[in-house]
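Undergrad: Quick check, what structure comes out for this input:
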Amino acid sequence: MAATRVIHHLSDADATEALGAWLWRELECRYAHRAVVFLSGELGAGKTTLARGLLHAAGHDGVVKSPTYTLLEPYNMQNVEVYHFDLYRVNDPVELEFVGIDEIVDGPGVKLFEWPERAADWLPAPDVQVRLEVDTTTATPTRKAHVEFS
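TA: Predicted structure coming up:
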């Protein structure tokens, strides 16, 4: 199947969360909830907000926080697991071994990686890449999400 690219214009945080919900439905249809998803973008671009929308659509009704300091937040919902990684503070990709990266990546579920470029050599190829952009050159900052399905 050929790669599919989609661009979404995001007006606010609610639109970013809605994009996460849309992405969850796409993961269900395209990958039966077994996918590796890369979330890229500068600080404050909305990576965790997108993950929150995705997790709420998956059935998680609690708080979704950035796993910046814990490296990984696992979520177990009805019949699906989501592993939310934030690699921003990874200094050495070997740190991923401590959270069982090999078992997680080889197992079922959706794996969300914020800042995947910090451990690119250690991660599998993504099924989905989401690149969030913020344009601050305008009076009101605008946001875009580039989504590419492999």
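
Undergrad: Look up how far residue 123 lies from the closest residue in space to residue 24 that isn't next to it in sequence.
TA: Nearest residue to residue 24, sequence neighbours excluded (Cβ to Cβ, 6 or more residues apart in numbering): residue 57, at 3.9 Å. No exception for glycine: its C-beta is placed from N, CA and C like everyone else's. According to Cβ to Cβ, to the nearest Å, residue 57 and residue 123 sit 24 Å apart.

Undergrad: Residue 80 now?
TA: Counting by Cβ to Cβ - residue 80 and residue 123 are separated by 20 Å.

Undergrad: Specify the local secondary structure of the residue nearest to residue 24.
TA: Three-state call for residue 57 (DSSP: H, G, I helix; E, B strand; the rest coil): helix.

Undergrad: any idea how far it lies from residue 42?
TA: Relative to residue 42, and taking Cβ to Cβ, residue 57 is found at 25 Å.
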